[in-house]
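Chemist: how does the following fold in three dimensions:
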Amino acid sequence: MTEHGLVTAATAGTELADESAPVDPTTIADKSAMVVPAPAIDEVVVLDYGGQYSQLIARRVRECGVFSELLPHHVGAEEVARRKPKGLILSGGPASVYADGAPKLDPRLLELGIPVLGICYGMQLLAVKLGGRVEGAEVGEFGRSKLTVSDHGRLLAGLPAEQSCWMSHRDTVFAPPPGFTALASSSESPVAAFESQERGIYGIQFHPEVVHTPFGQDILKRFLSDVCECDMAWSPASIVEDQIARIRDQVGDAKVICGLSGGVDSSVAALLVHRAIGDQLTCVFVDHGLMRKNEGEQVISAFRDTFKVPLVAVDAETRFLDKLHGVTEPERKRKIIGAEFIRVFEEEAEKIGDARFLVQGTLYSDVIESGGGTGAATIKSHHNVGGLPDDLQFELVEPLRALFKDEVRAVGAELGLPERLVWRQPFPGPGLAIRVVGGEATKERLDVLRDADFILQDEIRNAGLYRELWQSFCVLPDVRTVGVQGDERTYGYVVVIRAVTSDDAMTADWARLPYDLLEQIAARMIGELREVNRVVLDITSKPPGTIEWE
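Modeler: Okay, the predicted model is just below:
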């Protein structure tokens, strides 16, 4: 099975709506990602204009104790108003406000009676719409910059007059809108922040959400608490009861099935749904032969024996490997695995009898990386987002779709999941099939990769580093290299070690594993696995690379 539950594997994405036309919320591809908190919980909406840090803005707002939802910029004022937010944040974006086809600002958003904060491109949109002057600068401003505060106003109150900040723009605000106060400047930005306290509209050219802006979180807190007057009482655990109520409301007395892998996402989704509807839920564990070593036994033991969740185990290794025979292209692997999983689930649902709903452990990062309705590029198709077969027989239940990975872990802890499951590293939906790179995922190659990965995890756990890493795994390229073992010439596989640190998988840095640990891992792999004669280390960060190779 998989880390996130069910695997599906087609490219997701949405065409942007006409900026001038009202948008029907039912046409938004990622509308199921929109999770409105209980009425007692304050919310701030972040509109995504395609910026690389858009998701991070929502994360930072949540870290301040305020629920934040990231919506496509084109959803329309009615959809934003429906959530009754206490404030609105306009994200950055890669376009020029004057470019043909650039995302526009719906003026009705400024008539909702709530404070608005524009960041980078969002600030420029406000400036242009309200009569300020935005022009292309002679020199773009990228990276760290010195911010000089001339008037602290309300937004920058209590902060140093000089501070560093993180810029990423080429267009610049040269004059604020009439009636607005210019608060700060930088070397290339005459107006790096402005505000109108009377209108409740604020703009900053720099990015407060990144760690390179030291006082960025203070600015966000100022906006949330002083300007929006939010009650900062939200936490991931606070949504548990709300989600339980929503699940009950959605499924009624119908039967539900859930793809269970034992990974944190599918585990939390399963337990959340099980707490909501009890034995109406049946978890289906499909052993497709693409899992890590001993995972099948661990999943069955944990959920059937410990948590007493109704569980059906299906041995489908031969079925999946037959479907993958001769397939080398990664997207085809994903699509084949996703489609076959759906078929297996449908067969098991028939045996269970009239299951109407299917639980998925989809997360926010799945939605964003799949281009989920925001105009962002699709990095790779995700197993939980889009691309479901047209003849899918189930309605989807996705209780985690609005949560980031660390928030899912917090919910898991709230639900009583053991620490080992809560902190289990992510695992791709298509399993080890996409870690056999450039070649067919044969049983022989999968077994080699499985054994190599087991050695890697064993050594990393023994070194006490498992919790420090976002992911650590092995890749098996379809190449063989010459080696010498026992005075004999060998022709064996190369194993690639991939280990990264990250907060949310949107960016990641390669982990600086100790040399003696790497030496021990390589010695074990080459000594214990006759098919392997070379071990290498991937030192690519994200970006420019992705965490997975395919």
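Chemist: what's the burial count for residue 60?
Modeler: 23 (other Cβ atoms under 10 Å). Every C-beta, even on glycine, is put in place using the N, C-alpha and C of the backbone.
Chemist: the one 4 residues further on now?
Modeler: The tally of other residues near residue 64 (other Cβ under 10 Å) stands at 17.
Chemist: equivalent analysis for residue 423, please.
Modeler: 14.
Chemist: how about residue 357: what's its closest non-neighbour residue?
Modeler: The shortest distance from residue 357 to any non-neighbouring residue, by Cβ to Cβ, 6 or more residues apart in numbering, is to residue 256 (4.2 Å).
Chemist: tell me where the stretch 1-150 of the chain has strands.
Modeler: For the stretch 1-150 of the chain, the strands defined by DSSP state E, counting those that start in this stretch occupy 43-48, 67-72, 87-90, 116-119, 133-149.
Chemist: out of the ones you listed, the one nearest residue 353 is which?
Modeler: strand 67-72 (36.3 Å; Cβ to Cβ).
Chemist: so which elements touch that closest one?
Modeler: strand 43-48, helix 54-63 (3 or more Cβ pairs under 8 Å, 6 or more residues apart in numbering; DSSP states H and E).
Chemist: which stretch in these has the least confidence?
Modeler: For the helices and strands packed on strand 67-72, mean pLDDT drops lowest on helix 54-63, to a mean of 89.
Chemist: which elements pack onto that helix?
Modeler: strand 43-48, strand 67-72, helix 216-221, helix 364-369.
Chemist: list the residues that contact residue 200.
Modeler: Residues in contact with residue 200 (Cβ atoms under 8 Å, 6 or more residues apart in numbering) are 114-116, 227.
Chemist: who's in contact with stretch 527-534?
Modeler: Under Cβ under 8 Å, 6+ apart, the answer for stretch 527-534 is 444, 448, 451-452, 455, 481-483, 485, 490-495, 525-526.
Chemist: could you pick out the buried ones from those residues?
Modeler: For those, a burial check counting by 16 or more other Cβ atoms under 10 Å picks out 448, 451-452, 455, 490, 492-495, 525-526.
Chemist: among those, which are located in strands?
Modeler: Taking DSSP state E as the definition of strands, the buried ones among the contacts of stretch 527-534 contribute 490, 492-495.
Chemist: as TSV, those residues with distance to residue 290 and pLDDT would be great.
Modeler: Output for these, formatted as TSV (distance: Cβ to Cβ, whole Å; pLDDT from 0 to 100):
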residue	distance to residue 290	pLDDT
490	27	68
492	22	86
493	18	93
494	20	95
495	17	97
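Chemist: tell me which of these is nearest to residue 322?
Modeler: residue 493 (23.1 Å).
Chemist: list the contacts for that closest one?
Modeler: 445, 448, 476, 479-480, 531-534.
Chemist: which among the residues you listed end up buried?
Modeler: Looks like those have 445, 448, 476, 531-534 buried, using 16+ other Cβ under 10 Å.
Chemist: and the gap between the closest residue in space to residue 203 that isn't next to it in sequence and residue 455?
Modeler: Nearest residue to residue 203, sequence neighbours excluded (Cβ to Cβ, 6+ apart): residue 123, at 3.3 Å. To residue 455, residue 123 is 51 Å away according to Cβ to Cβ, to the nearest Å.
Chemist: quick check: next helix or strand after the lowest-mean-pLDDT helix or strand in the chain?
Modeler: The least trusted helix or strand in the chain, going by mean pLDDT, DSSP states H and E, turns out to be helix 364-369, with a mean of 66. As assigned by DSSP states H and E, the chain's next helix or strand after helix 364-369 is strand 395-397.
Chemist: what is that next one packed up against?
Modeler: Applying 3+ Cβ pairs under 8 Å, 6+ apart, we find strand 395-397 packed against helix 240-251, strand 355-359.
Chemist: could I get these in TSV, plus columns for mean neighbour count?
Modeler: Output for those, formatted as TSV (neighbours: other Cβ atoms under 10 Å):
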stretch	mean neighbour count
helix 240-251	16
strand 355-359	23
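Chemist: turn these into JSON lines, including distance to residue 431 and mean pLDDT.
Modeler: Below are those laid out as JSON lines (distance: least, Cβ to Cβ, whole Å; pLDDT from 0 to 100):
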{"stretch": "helix 240-251", "distance to residue 431": "27", "mean pLDDT": "90"}
{"stretch": "strand 355-359", "distance to residue 431": "19", "mean pLDDT": "87"}
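Chemist: minimum distance to residue 303: which of these has it?
Modeler: In terms of Cβ to Cβ, the element of the helices and strands packed on strand 395-397 nearest to residue 303 is strand 355-359, at 13.1 Å.
Chemist: helices of the chain, start to end?
Modeler: According to DSSP state H, the chain carries its helices in the segments 54-63, 77-82, 121-129, 216-221, 240-251, 264-277, 295-300, 317-323, 330-352, 364-369, 405-414, 419-422, 443-462, 515-528.
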